[in-house]
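In: Fold the following.
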Amino acid sequence: MLVAAAVCPCPPLLVPEVAAGAGPELDGARNACLDALGVLAAARPDLLIVAGPAAPDGRGPFPPGSQGSFAGFGVDLSVRLGEGPDGAPAPESRLPASLAVGAWLLRRARWNGPVEGLGVGEPLPADRCLRAGADLADRAERVALLVMGDGSACRTVKAPGYLDERAEDFDAAAARALGSADIAALSALDESLAYELKVSGRAPWQVLAGAAEGAGLGGQLLYEDAPYGVGYVVAAWS
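Out: Got it, this is the predicted structure:
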């Protein structure tokens, strides 16, 4: 059963070494993420699952000890998702960027509990996201989720997807749903519109909605902003 969840953005820029001189601009988001992870720790889960968007070659489960790297962003920095058997890294399991950012956050928060990863295909239909979330909630008696994903990448003319006037309203609705643990609103997010607005978090957020069904959790919005023209939200559910 799901006992807690944290929702965090997943830009590699969240890692100061990647952001370089722009690092301080995301300090508010980083601090909010750590606050959200504190809620997860307080829930004392038997299992933490990090779920985030992934390309086709990065989907599926990732066992403890799976490794990620920020070398593709010009930084010689590697991370590991928890510890594999006997502390060894998991073989042949390269984390997608979203889960690598999650692993970095967990390392910064000094997480030492059981943890696994799940790469969620960004086009995954809502009904399948909800079923996947329900399956995750059944993995242990006390399950927590760290859900990685960004809002629209179309908030300004300098955003990766340029300016789309629909983006701000979409992000505001998603932030309200995430901040209030509104499962119905998350389940109803428009898949086609999310795709057009380059929202990477839609599918992982709907996985969270499926996992939270019947759990009776409440939500708290910890951060909402759109630096670099991309919507970032941090929320905690408990």
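In: Verify the stated contact: residue 156 with residue 168.
Out: No: taking contacts as C-beta atoms under 8 Å, residue 156 lies outside contact range of residue 168: 9.8 Å. No exception for glycine: its C-beta is placed from N, CA and C like everyone else's.
In: any idea how far the most centrally placed residue in the chain is from residue 6?
Out: Residue closest to the mean C-alpha point of the chain, counted by C-alpha atoms, centre = their mean, is residue 148 at 0.7 Å. Here residue 148 is placed at a distance of 9 Å from residue 6 (C-beta to C-beta, to the nearest Å).
In: Equivalent analysis for residue 63, please.
Out: For residue 63 relative to residue 6 (C-beta to C-beta), the value is 21 Å.
In: The two: who's more crowded?
Out: residue 6 (32 against 15; other C-beta atoms under 10 Å).
In: Quick check on that one: phi, psi?
Out: With angles defined as degrees, to the nearest 10, residue 6 sits at phi -130, psi 140.
In: quick one, what contacts it?
Out: 33, 36-37, 39-40, 144-147, 234-237 (C-beta atoms under 8 Å, 6 or more residues apart in numbering).
In: Spatially nearest residue to it (excluding sequence neighbours)?
Out: Once flanking residues are discounted, residue 6 sits nearest to residue 36: 3.6 Å by C-beta to C-beta, 6 or more residues apart in numbering.
In: Report the secondary structure state of the one you found.
Out: Here residue 36 is recorded as helix under DSSP: H, G, I helix; E, B strand; the rest coil.
In: shouldn't it be in contact with residue 236?
Out: Yes: with contact defined as C-beta under 8 Å, residue 36 counts as touching residue 236 (4.3 Å).
In: So for these two, which residues contact both of them?
Out: With C-beta under 8 Å, 6+ apart as the test, residue 36 and residue 236 both reach 6-7, 222.
In: Redo those as CSV? Include distance to residue 186.
Out: CSV is the format used below for the shared contacts of residue 36 and residue 236 (distance: C-beta to C-beta, whole Å):
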residue, distance to residue 186
6, 15
7, 10
222, 17
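In: Quickly note the distance from residue 4 to residue 78.
Out: Relative to residue 78, residue 4 is positioned 28 Å away (criterion: C-beta to C-beta).
In: Past the helix or strand bottoming out on mean pLDDT in the chain, which element shows up next along the chain?
Out: The helix or strand of the chain with the poorest confidence is strand 60-62; it has a mean of 90 (mean pLDDT, DSSP states H and E). Beyond strand 60-62 in the direction of the C-terminus, DSSP states H and E gives the next helix or strand as strand 66-69.
In: Alpha carbons of that next one, as PDB, please.
Out: Extracted C-alpha coordinates of strand 66-69, given in PDB (Å, rounded to 0.1, in the frame of the first residue of the first chain):
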ATOM      1  CA  SER A  66      21.500   0.400 -11.000                       C
ATOM      2  CA  GLN A  67      23.900   3.000 -12.200                       C
ATOM      3  CA  GLY A  68      23.400   6.300 -14.000                       C
ATOM      4  CA  SER A  69      25.800   8.900 -15.400                       C
END
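In: Name the residues that touch it?
Out: With contacts defined as C-beta under 8 Å, 6+ apart, strand 66-69 is touched by 77-81, 84, 89-90, 93-97, 99-100, 103, 117.
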